[in-house]
Each structure stands twice: as structure tokens, then as C-alpha cells.
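Provided below are the primary sequence and the corresponding predicted coordinates.
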Amino acid sequence: AQKVTQAQTEISVVEKEDVTLDCVYETRDTTYYLFWYKQPPSGELVFLIRRNSFDEQNEISGRYSWNFQKSTSSFNFTITASQVVDSAVYFCALSGYSTLTFGKGTMLLVSP
Amino acid sequence: DTGVSQDPRHKITKRGQNVTFRCDPISEHNRLYWYRQTLGQGPEFLTYFQNEAQLEKSRLLSDRFSAERPKGSFSTLEIQRTEQGDSAMYLCAGQDSSYNEQFFGPGTRLTVL
């Protein structure tokens, strides 16, 4: 069975602080995919990134960066210089070739 | 905008009534997924279709739930004899034949009184 754990329920930061959201996963599959989605107050899930299990290269996209470490089964997400618009619930998810298994999410509150 | 639409956006019903939700993905989405999200939780998988074939159903999908995708385009999710525990956000997601990311619609929020 697949499992995703996001131990941080809620994080509060002040604008311009850096913040890291943790994600730990469990799977018996040798080929799998990891994702991060953002869910703003409007409710729609917004895709942020997809990583496959064979690609441990870290990725940076603007203020966002992701650190995938297979040795610790972690796929952490860092927002640099956070902004109020980053306030949302962030979900880490895991899949094989079809369904997504989500963590419970981390609510990020960025105050001015 | 992912191009995936859902209707209605909100539904309030009384316990025991039947409800039906609709999801319209874009034409490139040969796979269509249904998830349910309750307050404070991540989405949980319900079922998915590849074209018109329903390939997998979660044990969460009780006998009161049925889903269809008759022509491999839009899909419907019906809940019969609704219960208060069915109150949740029902999310639909589309995926193209590269089987990469799933793109979610805005969801249908169901409240059962």
C-alpha cells in the first residue's frame, strides 16, 4: 500500500521568510511518481510539480524548489521569500501508473 | 484554468435523496478520475475511467455510488440515498495519454442535511 505523510499540519510565516514543507512517502513500487499540488482558498487543486522515482535531481522554478531524496523517502518543497499569495494548503501525492495517494496537507499562512 | 469543469459547484440535499454530479474534461483526457475530499483531509480516490471503461473502484465507493463515462468524454457520479457522511467535496481530474499529471476541476461541494 502507498502512504504519504505530511507531518506539518500548519505553518505560519511572515512575508519574505523561506519555508520548507516536508513530505515522506512509503511505497513498494520501484517505479513511482511524486507530486505537489496547491489548494488555495478557492478550493481548486493546482498542479505544481511531478517527479519520477528515477530522477533525483533537485528542481527549481522561480521561488519554488524541490528536494527529492530516495534514501530517506522524502520529497520536500521550499518556498523562498514567501508572499501572501502563497497562503494555501499544499498537498504531496504519490502514484504508480494511475491513482494518486495524497497526504493530509500542510496549511501555509503567510502574513504581511 | 485546467479545462476541467464540474457541475454543479454546490449541492445541498436532504438525507435520503439522490444526487448526480457531472465532470467535463478536455478532449485529450482519456483518463478521468473521481476523488472525495473531506474537511482537513487530502483527496481520496474513488474510481477512474480509461475512455469509457471503469478500470478501478476504491472500497470507499459503496453500493450507493455509481459512476459512468458513457462515450469516453464527460462522466457522472451518482449517489443514491445520501447520508450525512457523504458531505464532502467531490473532485474530478483528467489525464492525457502520457499518464503524467492529473488536472483537477473546481469540485462539487455536497452538503447533506
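Looks like it arrived, so ask away.

Which single residue in chain A comes nearest to chain B?
residue A:102 (3.1 Å; CB to the nearest CB). In this view, the C-beta of every residue, glycine as well, is placed from N, C-alpha and C.

Let me see the contact set for that residue.
By CB atoms under 8 Å, 6 or more residues apart in numbering or on different chains, the residues touching residue A:102 are A:4, A:37, A:91, A:92, A:93, B:42, B:43, B:44.

Return the member of the residues you listed nearest to residue A:27.
residue A:4 (9.2 Å; CB to CB).

quick one, what contacts the closest one?
In this structure, residue A:4 makes contact with A:23, A:24, A:25, A:26, A:92, A:93, A:94, A:101, A:102, A:103, B:42, judged by CB under 8 Å, 6+ apart.

Check residue B:72 too.
By CB under 8 Å, 6+ apart, the neighbours of residue B:72 are B:30, B:49, B:51, B:52.

Residue numbers of chain B in contact with chain A?
Within reach of chain A by CB under 8 Å from any CB of the partner chain, chain B has these residues: B:2, B:31, B:33, B:35, B:40-45, B:48, B:55-56, B:89, B:91, B:93, B:99-107, B:109.

that older thread, ok, and the most crowded of the contacts of residue B:72?
residue B:49 (21 neighbours; other CB atoms under 10 Å in any protein chain shown).

Go ahead and confirm that residue touches residue B:32.
Yes - between residue B:49 and residue B:32 a contact is recorded at 4.8 Å, counting by CB atoms under 8 Å.

Quickly list what's touching both of those two.
Joint contacts of residue B:49 and residue B:32 (CB under 8 Å, 6+ apart) are B:69, B:75.

Got phi/psi on residue 84?
As the question left the chain open, I've gone with chain A. phi -60, psi -40 (degrees, to the nearest 10).

not quite, I wanted chain B
phi -60, psi -30.

Just give the closest residue to it, not the sequence neighbours.
Setting aside the residues directly before and after it, residue B:84 is nearest to residue B:112 in space (CB to CB, 6 or more residues apart in numbering or on different chains), at 5.0 Å.

can you count the residues close to that neighbour?
Residue B:112 has 19 neighbouring residues, counting by other CB under 10 Å.

My read is that it contacts residue B:15, right?
Yes - using CB under 8 Å, residue B:112 is in contact with residue B:15, at 5.6 Å.

Common neighbours of the two, please.
Common neighbours of residue B:112 and residue B:15 (CB under 8 Å, 6+ apart) are B:82, B:83, B:84.
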